[in-house]
Structures are given as C-alpha cells and as structure tokens.
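> Let's see this in three dimensions:
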Amino acid sequence: MSKEKVLIKTYGCQMNDRDSEAVEMDLLKSGYEITTEEKDADVIILNTCSVRDQAERKALGKVGSLIKLRRKNPKLQVGVIGCMAQSRADDIVEKNAHVNFVAGTDQLHKIPELIEKSKDTEDALIETGLSRDIMERLDNHPEGQMNASVAIMRGCNEYCTYCIVPFTRGQEKSRTIASIIAEVKALSEKGVREIMYLGQNITAYGLIEARRDRTFNKEVSPFAALLRETAKIEGIKRIRFTSPHARYFNDDLIDTIAAEPKICRAIHFPLQSGSNRLLKVMRRRHTAEEFLSWINKMKERIDGITFTTDLIVGFPGETEEDFKATRDMCNEIDFDQQFIFRYSTRKNTPAAQMPNQLDEETKIERNQILLKDLEERLTHKNEQRVGTIEEIMVEGVSKRNDDKWTGRTTNYKIVIFDPQEDVKVGDLINIKIERATQHALYGSYVEHTSKA
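All right, here's what the predicted structure looks like:
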C-alpha cells in the first residue's frame, strides 16, 4: 500500500516556516510522504498567518480555491493550521465545508492524529487550545541542513495596540537553556553550522520564568546567557536571532553580542514609528530617543554592527509630522533593510477602533517614500564595501545563476562569487569585494577561514 502524500503550504513569518518544518517531520515519522505538487496530494495543509490583513486574505482565498480539488478528488483532506486557524477557526469551518480539520498554534503536534480522525467524521475537527507550557521536541529537524531555526520561546505579553500575536500565539513561555543547548548540539553533530533562534519577543526570553522562580535581575539577560552557552558549541560558527523588542536590549545583552564574534553583526531592531506620539499610542513602551540611544550604544560597543527594522505606515491618526519623524529617524540610523508594512486593522485590537483611519492611497505613498530612501542608502552603503575583504558563510549555488555561488556576510549581505573546487557549503571563506549593486556584493575567493 502506497503512503499518503501531504502538501504543506506556509504563509507568514520564520516561526511559521519552522512550525511547518516540524509538522513535516512528524508526518514523515507517522508514515506519510511529503509532496510539493497539489495534484499528487492526499492531504493539503495551509499554515496560516494573521499578523496582517493581506496575509489572511491570501490564505482565505487559497482555502476557498481548494473546493475545486475536492470536487476532483472527494477523498482529499484539507487542514488549516497556524495563527489564522487560532483566531478564526469557527469562521473558517462555517464558510468552507470542505475543510476537515483546524489546528491552532499550540496544537500542531496533533496533526497526524487529526488527519486520521477526520477520515471518520463529516464534521470538521477543531483544536485551538492554548497551552501554558511549551512543547519541547528536539528531534524534528530535517537532515542535511547547513543552517537551522530553533524556537526558544513562544507568545508575547507586550499587547501593542495594532498586534494580534498575543491572541494567536498566547502568553510568553520559554524553554530551558538546557533543552535548547541539547537541540543545538544535536544539530551541530548533524552538520548544522548556523543557528537562527526564533521567538515572537525573543529578547524577553526567560524573563517570565525568572520572575516566577524569584531569580529575576533587571541587569541580567537570560537571553544573553543562552547566547553565551551557544557560542561555546564548537561546530556552530554563526548565531542569529529574531524578533526582538528594543526595550529588552540591556548592557548584559549588548556586551555579550560585542564579546562573541559568532553572534552575527546584523541586528533586527523593530522601530515601527519614529514619532513619540505614535509610539505611545502603539503601546511600544519606549520613546524615539530611547530607541536611538540603544542604537548608538551598540554602534559604540560592537564593531561592524548593522541594523534592520520593521516599520508601520498609515497607523491611525498618523500625520505628516509623525511620518516625517519616522523618515528622519530611518535616515539618521541608516538601516540596512526596512520591512515596511501598511497598517491593516486586526480584529479585537485597540487600534482597529481608533479614529482617523488613513486611506490606502496615503499608506501606499508613504510606503514608497520610505522604500525610495532605503534604495538610495543601500546603493551607497554597498558601494563602500568595494575593495574590502568580507568573510562569508557559503550557502551554495546561486538561485539566479547556476554558474555562481553565494554566501552571506555576518551582516547578512549576499555575496556572489565564482565556485572553487575546495569550497563547500558551510565553509567560512574570505572574499575580496570587487563590485556592488543595491542588493548584492560580487567578489573573488581569497582564502578559507574555517571548513565545514
């Protein structure tokens, strides 16, 4: 008897990517086969996102379109999982009779069970309970990875007024350092060289547990302690993390990044707005001046540090003065990347009820202005690297040109180079930069600094 084939389509963030990866591994262990072709699938699972309206609409559109495949294949099973499943389970089932099961963010370990159970009932199965504990599964990574993502915490307690994450991912809960290090050591033994730590509010890692255990000290960062332990693992050559909240970058964390060369010199530092008025309305719990002081402190202490950020344009009531404050601050900080999002209302969030909602035309215009500023800065910043020697971690054949290879610098800059006979994926090598564009650097191999 042939194995049933499952297709998983993922929307949204890196945490969703990691969740889908873990679900795939659970399915493989349960005897299923993974496919990338809808026409071959016996089960189609959509891992959904709720952070923005566009992501929800895209996923809902896909859910609706699967009715055509169900008509062609009456035995096809359809599952909806993830953040949108958590927040809109009843709505999804009510409007899509062809959906067999819905699983929220803390119920993804039940997917193999839900697939089997849904075969015996015409009613959709719904599992959306949020857990106070974090599920620890150390053996659900695929083989052959050079870099791997590791979820160290879930949930968020910030309750920014525009954000639905606390409602879809629940309250903050962190794994123990011991369990995380065990997972990373196992990955290292399998050939992983770069770790990406994931959490919705990752710089708050361990703080809830520290308060509960009465070990909390505002001068000490549990996340910094985790980074220090990770850096001791010999096989791990690079450490990245996302997504932080600026107000948890204390001296302990900054000094740890400065002291550990394995921690990459590209920090994602979400600003959202440069306007103090809007930061307060957004409930970000810091001012623009405080944000800038943290940036400057890191620039002073950490050699070669660069920053990326998240921005919201068109937040309710955003004036030209507010927008100018954001634009000026972005140019002053000189971000290497800006992920700019046009504000979209999220059900049950305070911002959705605020007056002075802006029109889409204004949001689009402000988005384009910030993008143009970024493009001009990036071209100049990359051109400044011409003539320098950059260490990169080799990622393999370029996606755009089979004759070239690519790697990334510690600042996450893409570098294109000619392949070398003794250069392998995961190697650390030096490249002399000879040319630059807005999106990439081009250069020639100089020497190895470390072999995979």
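
> what's around the residue nearest to His286 when sequence neighbours are not counted, how many residues?
Nearest non-adjacent residue to His286, counting by Cβ to Cβ, 6 or more residues apart in numbering: Arg247, 4.9 Å away. Backbone N, C-alpha and C define where each C-beta goes, glycine included. Look at Arg247: counted by other Cβ atoms under 10 Å, it has 15 neighbours.

> same thing with Tyr442?
So Tyr442, with other Cβ under 10 Å, has 17 neighbours.

> any idea which helix or strand carries it?
Using DSSP states H and E, Tyr442 falls within strand 441-450.

> picking that back up, and the residue nearest to His286, which of the three is it?
When classified by DSSP: H, G, I helix; E, B strand; the rest coil, Arg247 comes out as helix.

> Who does the strand holding Tyr442 pair with, and is each partner parallel or antiparallel?
Using DSSP bridges, the strands paired with strand 441-450 are strand 414-417 (parallel), strand 428-436 (antiparallel).

> and it, which residues are buried?
Neighbour counts over strand 441-450 (16 or more other Cβ atoms under 10 Å) mark 441-443, 445 as buried.

> now that strand: mean pLDDT?
For strand 441-450, the per-residue pLDDT values average out at 97.

> what domains does the record give for this protein?
5-127, 131-264, 389-450 (automatic domain parsing).

> Minimum distance to Ala351: which of the ones you listed has it?
Set against Ala351 and scored by Cβ to Cβ, those come closest in domain 131-264, at 4.2 Å.

> could you say what helices and strands the helix or strand containing Ile239 packs with?
According to DSSP H and E, Ile239 maps onto strand 238-242. With contacts taken as 3 or more Cβ pairs under 8 Å, 6 or more residues apart in numbering; DSSP states H and E, strand 238-242 sits against strand 194-198, helix 222-231, strand 266-268.

> Can I get these in CSV including mean pLDDT and distance to Leu114?
Converted to CSV, the helices and strands packed on strand 238-242 look like this (pLDDT from 0 to 100; distance: least, Cβ to Cβ, whole Å):
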stretch, mean pLDDT, distance to Leu114
strand 194-198, 98, 24
helix 222-231, 98, 33
strand 266-268, 97, 34
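
> Rebuild these as CSV, extending it with distance to Asn96 and mean neighbour count.
Listed next are these as CSV, based on distance: least, Cβ to Cβ, whole Å; neighbours: other Cβ atoms under 10 Å:
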stretch, distance to Asn96, mean neighbour count
strand 194-198, 29, 22
helix 222-231, 40, 21
strand 266-268, 35, 21
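
> returning to what we had before: what's the closest of the domains of the chain to Phe341?
Of all the domains of the chain, it is domain 5-127 that lies closest to Phe341, at 6.2 Å by Cβ to Cβ.

> what sits up against stretch 22-33?
3-6, 8, 34, 43, 45, 47, 81, 108-109, 111-112, 115, 137, 139-142 (Cβ atoms under 8 Å, 6 or more residues apart in numbering).

> the helices in the chain, which residues?
14-29, 53-72, 83-95, 111-118, 165-169, 177-189, 207-212, 222-231, 251-259, 276-282, 288-301, 320-333, 360-383 (DSSP state H).

> looking at these, which is buried most?
helix 165-169 (a mean of 22; mean count of other Cβ atoms under 10 Å).

> roughly how far out does that helix sit from the chain middle?
15 Å (Cα atoms, centre = their mean, to the nearest Å).

> which stretches of the protein have low pLDDT?
The chain contains residues with pLDDT under 70 at 1, 135-139.

> on that earlier part again, now do the strand holding Ile239 and helix 14-29, the angle between them.
110 degrees (axes from the mean of the first three to the mean of the last three Cα atoms, to 10 degrees).

> List the contacts of strand 238-242.
Residues external to strand 238-242 that are found in contact with it (Cβ under 8 Å, 6+ apart): 14, 147, 193-199, 202, 223, 227, 230-231, 260, 262-264, 266, 268, 393, 410, 412.

> Pull out the buried residues from that strand.
238-242.

> I'd like these laid out as JSON lines, including distance to Arg154.
Shown next, in JSON lines, are those (distance: Cβ to Cβ, whole Å):
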{"residue": "Arg238", "distance to Arg154": "24"}
{"residue": "Ile239", "distance to Arg154": "20"}
{"residue": "Arg240", "distance to Arg154": "18"}
{"residue": "Phe241", "distance to Arg154": "14"}
{"residue": "Thr242", "distance to Arg154": "14"}
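
> With distance to Glu158 as added columns, please give the helices of the chain in CSV.
Below are the helices of the chain laid out as CSV (distance: least, Cβ to Cβ, whole Å):
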stretch, distance to Glu158
helix 14-29, 16
helix 53-72, 20
helix 83-95, 16
helix 111-118, 29
helix 165-169, 7
helix 177-189, 22
helix 207-212, 12
helix 222-231, 15
helix 251-259, 17
helix 276-282, 10
helix 288-301, 15
helix 320-333, 20
helix 360-383, 23
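
> CA atoms only: put the strand holding Ile239 into CSV for me.
Presented in CSV, the C-alpha positions along strand 238-242 are these (Å, rounded to 0.1, in the frame of the first residue of the first chain):
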residue,chain,number,x,y,z
ARG,A,238,27.2,31.7,13.4
ILE,A,239,24.3,32.7,15.6
ARG,A,240,21.3,34.8,14.5
PHE,A,241,18.0,35.7,16.2
THR,A,242,14.7,37.3,15.6
